[in-house]
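In: the sequence and its predicted three-dimensional model are supplied below.
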Amino acid sequence: MEARAELKFVRISPRKVKIVLDLIRNKKCNEAVAILKHTPKSASEPLLKLLNSAMANAENNHDMDVSECFISECHVGPGVTLKRIRPKDHGRAHRILKRTSNVVLVLKQAE
């Protein structure tokens, strides 16, 4: 049995989110919460909320014991890209890509 949570259109690039996801992959939930609380990255705050949501889904929707759950699967993909223009010299314009991420977190109960 597995519980999952998704976070869509978070305003951090997938490359930055992947660094933090690699820290918590295949860890127990309590250990992952501690790692996310003490990691000084911008992606750790929304990922902590996502992990708490997945733990609540596991407990309330699937009757799983959260103390025995671990992160079995977590991946990030690109979301929509917001395109902005930055004025440059001589009337030129350069494009700025503000990237977003879609994150999926899956919890399973250890046997």
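Out: Now that the structure is in, tell me what you want to look at. Just so it is clear, the model here is predicted, and its values are computed rather than measured.

In: looking at this structure, which residue lies furthest from center?
Out: His90 (40.7 Å; C-alpha atoms, centre = their mean).

In: in three-state terms, label Ala32 for me.
Out: helix (DSSP: H, G, I helix; E, B strand; the rest coil).

In: tell me the contacts of it?
Out: Neighbour list for Ala32: 24, 51, 71 [criterion: C-beta atoms under 8 Å, 6 or more residues apart in numbering]. In short, each C-beta sits where N, CA and C put it, glycine included.

In: please enumerate the strands of this protein.
Out: Along the chain, the segments classed as strands by DSSP state E run 2-10, 69-87, 93-109.

In: list the buried residues of the last one.
Out: By 16 or more other C-beta atoms under 10 Å, the buried positions in strand 93-109 come out as 99-109.

In: pick the one among those closest to Gly77.
Out: Using C-beta to C-beta, Asn102 comes nearest to Gly77 of the buried residues of strand 93-109, at 5.0 Å.

In: pull up the gap between that closest one and Ile35, please.
Out: Per C-beta to C-beta, to the nearest Å, Asn102 is found 22 Å from Ile35.

In: and Ser44, by the same measure?
Out: Taking C-beta to C-beta, one finds Ser44 at 8 Å from Ile35.

In: who has more neighbours, these two?
Out: The residue with more neighbours, out of Ser44 and Ile35, is Ser44; 20 against 17, by other C-beta atoms under 10 Å.

In: contacts only, for the more buried one.
Out: Here Ser44 is in contact with 20, 36-37 (criterion: C-beta under 8 Å, 6+ apart).

In: how about a cut-off of 10 Å?
Out: Counting by C-beta atoms under 10 Å, 6 or more residues apart in numbering, Ser44 touches 17, 19-20, 23-24, 35-38, 51.

In: most neighbours among these, please name it.
Out: With neighbours set by other C-beta under 10 Å, the maximum within the contacts of Ser44 is found at Val17, which has 26 neighbours.

In: if I pick it, what's in contact with it?
Out: With C-beta under 10 Å, 6+ apart, Val17 has these contacts: 7, 10, 41-44, 46-47, 74-77, 99, 101-103.
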